[in-house]
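# Using only what follows, build the 3D model:
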Amino acid sequence: MIDLKKELNKEQYLAASTIEGPVLIIAGAGSGKTRMLTYRIAHMLEMGIDPKNILALTFTNKAASEMSDRIEQLTGSKQKNLTSTTFHSFGLGLLKQHIQHLDWKNNFTIYDSNDKTALIKQIVITLGFPLDSVDVRELGEIISKVKTKRAIISDKTANNTKLIIDEYEKHLKAFNAVDFDDLIVKPQVIFSKFPKILEKTQARFQYILVDEFQDTSISQYDMIKSLAVESRNLCVVGDDDQSIYSWRGANYQNIIKFEQDFPERKEIMLERNYRSSKTILEAANNLIINNKERKDKKLWTEENKGSSIYLMHPANGEMEAASVTQAIIDQHLKEGRNLSDFAILSRTNSLIPNFETALMERDISTRVTGTQSLFDRKEIRDIVSYLKVIANPDDDVNFLRIINTPRRGIGRVTVEKIRKVADAHNMSLYSALCYMATSTDPSLRDSTKKSLTRFMEFMEYYTNKFEEEEGRRNQVLRNLIKEINYRDYLIELNDTEKAVNFKLKGIEILCSMLAKWERNPFNEGKDMQSWINRIALNGKENQEDNKGAVNLMTMHAAKGLEFDTVYLVGIEDHIIPNQRSLEENPLNIDEERRLFYVAITRAKRKLIISSCRKRQKGKDLMLSLPSRFLEELPKELIDEQDPNKIATKQEITGSFAALKARLAKKQQPSE
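Prediction:
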């Protein structure tokens, strides 16, 4: 039996032991909310609640997996019937069960952002609009905002935009596909049209927990509200001070909506911080109090006061990167700290390459978060497109990607003929290709017909192979890649052997991922479509942490993480608060402040802030002003470098020899 009072502090205990009824838990940064949540679920199981009646929702697969692992450790057994997942994975599960009620097939494909962009381009061309007359990315954002109730189609909306949006939805249905927004929106449509499905789902999930509640969108809140409106057992955990994702639909005012919809709620505040020093927390508290629309809270800790916050003023961006690099090297050598203890955080991606280069020049390994995903690489998208069409032949977008990749004698003219046949017979492009390959049309050249027939037979062969070879599909995939001569295709596209090998290594990672998935006994689905949907949802596979590398990332990417020593760089008034963000809406100043608050509270022991005196803008070196947020930090907490002091070359390169000696010693073979 778990002793909650022994394991948790007073407020955490109250949150973990309050099971019945709606509960709003305001969990400040570093307040141990994940620990509290897992103990809460473990306590619910001990109280006899059936695990199949529990639904725990969060925003990343990593967080959901971590929660499941912790619950298993606490209870001593794997809770297979307990649903701990992301919003989008949960929505996917609902659609796999019920999407046929909306006239989709159950083997639908999930279109990611790249598929979505390709489809919009295809629609624009089909409708006869010049491609350079529309902003495809902006159209994609408009479609997303309309679906998720962040915008409406009004009389002022351009007719072309309305037409494209209508065609986009029609094409998704014709291709038996959904986009990421549909994973949240379409379950709500099903619940609205078919109340018995809603009642059945409500009866199944009688206890719902939502982590990172401040990051939920209006659509996500509507989903959980509809599920919990009868049982009233809805526990939401969040922090309005850490709401930093409004640009992707997050609405921290869902906390207010929750209070209105569940007036009988119990509200619990977690303010004790287990992460940072008193100095860091005092700085964070003094900063965020300048936001007026927030829950009144103040983080506190029993930790030591800690060292002062160091504020440095490098001459320019180049000196900033060199100074930060030198400081990390000094601490690494003098204190023997792991490189992974250090994080460099910036408001924008554009500053990160400066630090990555400076560190690499000093032989310091880096781990950059937020670079191009494996699944965004062309070579990976090519191979995955083959799998998508094999799993769902009606997928025209991915069909067009593979039809002549690598080249197989099916050019643009033939594709246009295929499209005409598809339009005439109201069928998918692949069905039209098969129709043409088996027809007796005399206007079709023999060479073209042979190419179409070879492709059809190739696809039929591998469709059968992927169905038959359960457990060996990773080998089937390798055979497919070999048969299409993809290596030769890469050699044609790339000048260097190094580039080809890099791309082939990525493809091998993809095959290994499939093999690993096939060996996992806990997979819900065993078919290829299940794996394709899984990698579409993941977007990125979590790579093993590199313990010998300095962490570089944006402030947004750092949310939820913690590091011993944090360097906040580019803390200048046009960077944070971000000039473009304020130009879009002056009220964004509050979210910019919340972002700076999140960045500050990532630090456990040391916090160093860098504000350059000049910053390169295009070809010009322009004067930079310190961020206005620095004025909101108590002066007595800050040890400020003399703004007039310029670091010397000797200071910048001071311990280079010591570092080389240390590295040389590490590389020597042990006796």
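# Which element, helix or strand, includes the closest residue to Arg478 other than its chain neighbours?
Nearest in space to Arg478, with sequence neighbours left out and distances taken as C-beta to C-beta, 6 or more residues apart in numbering, is Cys511 at 5.5 Å. (Glycine included, C-beta is placed from N, CA and C.) Cys511 is part of helix 497-519 when elements are defined by DSSP states H and E.
# Can you give me the buried ones in that helix?
Buried residues in helix 497-519, defined by neighbour count with 16 or more other C-beta atoms under 10 Å: Val500, Lys503, Gly506, Ile507, Leu510, Cys511, Met513, Leu514, Ala515, Trp517, Glu518.
# For the helix or strand following that helix, report the contacting residues that lie outside it.
As assigned by DSSP H and E, the chain's next helix or strand after helix 497-519 is helix 528-538. The contact list for helix 528-538 (C-beta atoms under 8 Å, 6 or more residues apart in numbering) reads 61, 86, 88-89, 92, 107, 109-110, 112, 375, 384, 387-388, 390-392, 466, 473, 513-514, 517, 523-525, 541.
# so where's the stretch 401-550 of the chain uncertain?
495, 524, 538-547 (pLDDT under 70).
# Where do the strands of it begin and end?
Applying DSSP state E, counting those that start in this stretch to the stretch 401-550 of the chain gives strands spanning 550-554.
# in it, which spans are helices?
Secondary structure of the stretch 401-550 of the chain (DSSP state H, counting those that start in this stretch): helices located at 412-425, 429-437, 446-468, 473-483, 486-493, 497-519, 528-538.
# what do you get for the stretch 551-671 of the chain?
555-558, 579-584, 589-600, 649-652, 656-667.
# Give me the neighbour count for Ala343.
With neighbours defined by other C-beta atoms under 10 Å, the count for Ala343 comes to 24.
# Apologies, that question was intended for Asp330.
Neighbours of Asp330 under the rule other C-beta under 10 Å: 14.
# Report pLDDT for it.
With respect to pLDDT, Asp330 has a value of 93.
# Tell me the spacing between it and Ser323.
11 Å (C-beta to C-beta, to the nearest Å).
# Same check on Glu212?
35 Å.
# Tell me, what's the model's pLDDT at Ser89?
With respect to pLDDT, Ser89 has a value of 95.
# cool, Ala228 as well?
97.
# could you list every residue that touches it?
Here Ala228 is in contact with Pro22, Gln202, Ile208, Leu234 (C-beta under 8 Å, 6+ apart).
# tally of neighbours for the first one?
I take that to be Pro22. Pro22: 22 neighbours (other C-beta under 10 Å).
# Repeat that for the last one.
For Leu234, the number of neighbouring residues by other C-beta under 10 Å comes to 24.
# right, and it touches Glu20 too?
No - using C-beta atoms under 8 Å, Leu234 is not in contact with Glu20; the gap is 10.9 Å.
# Give me the distance between stretch 27-42 and the centre of its chain.
22 Å (C-alpha atoms, centre = their mean, to the nearest Å).
# wait, I meant stretch 501-516
On C-alpha atoms, centre = their mean, the centre of stretch 501-516 falls 21 Å from that of its chain.
# quick one: contacts of it?
374, 377, 379-380, 383-384, 473-474, 477-478, 481, 486-487, 490, 494, 531, 535, 541.
# on that earlier part again, looking at the helices of the stretch 401-550 of the chain, which is nearest to Gln100?
Closest approach to Gln100 among the helices of the stretch 401-550 of the chain (C-beta to C-beta): helix 528-538, 14.8 Å.
# How far off centre is that closest one?
Worked out by C-alpha atoms, centre = their mean, helix 528-538 lies 15 Å from the chain centre.
# Wait, a strand at Leu55?
Yes - counting by DSSP: H, G, I helix; E, B strand; the rest coil, Leu55 is part of a strand.
# For the residue lying closest to Pro187 once chain neighbours are set aside, give me its contacts.
The spatially closest residue to Pro187, leaving aside those adjacent along the chain, is Leu94, at 4.3 Å (C-beta to C-beta, 6+ apart). For Leu94, the contacting residues are Pro187, Ile190, Thr201, by C-beta under 8 Å, 6+ apart.
# Could you single out the nearest of those to Ser439?
Closest to Ser439, out of all of the contacts of Leu94 and judged by C-beta to C-beta, is Ile190, at 39.6 Å.
# what pLDDT does the closest one get?
On the pLDDT scale, Ile190 gets 98.
# One more: Glu72?
90.
# Correct me if wrong: it contacts Gln79.
Yes - under the criterion of C-beta under 8 Å, Glu72 makes contact with Gln79 at 6.7 Å.
# and those two? which has more neighbours close in?
For Glu72 versus Gln79, neighbours defined as other C-beta under 10 Å are more numerous around Gln79 (18 against 15).
# Wait, the more buried one touches Leu45, no?
Yes - counting by C-beta under 8 Å, Leu45 is a contact partner of Gln79 at 7.1 Å.
# Give me the common contacts of those two.
In contact with both Gln79 and Leu45: Pro51, Ile71, using C-beta under 8 Å, 6+ apart.
# Quick check: closest non-adjacent residue to Asn349.
Thr554 (5.9 Å).
# For Cys612, see how far away that neighbour is.
From Thr554 to Cys612 the distance is 18 Å (C-beta to C-beta).
# do the same with Lys196
Counting by C-beta to C-beta, the gap from Lys196 to Cys612 is 62 Å.
# More neighbours: which of the two?
Neighbours were tallied for Lys196 and for Cys612 using other C-beta under 10 Å; the higher tally belongs to Cys612 (26 against 8).
# What residue in this protein is the furthest from its centre?
Farthest-out residue of the chain from its mean C-alpha position, per C-alpha atoms, centre = their mean: Pro442, at 51.6 Å.
# Next up, phi/psi of that residue, please.
phi -70, psi -20 (degrees, to the nearest 10).
# so what's the closest residue to Ala603 other than its chain neighbours up against?
Spatial nearest neighbour of Ala603, excluding adjacent residues (C-beta to C-beta, 6+ apart): Val566 at 3.8 Å. Residues near Val566 by C-beta under 8 Å, 6+ apart: Phe342, Ala343, Leu345, Ala599, Ile600, Arg602, Ala603, Lys606, Leu607, Ile608.
# Repeat that for Ser89.
Ser89 neighbours (C-beta under 8 Å, 6+ apart): Asn61, Ala64, Leu537.
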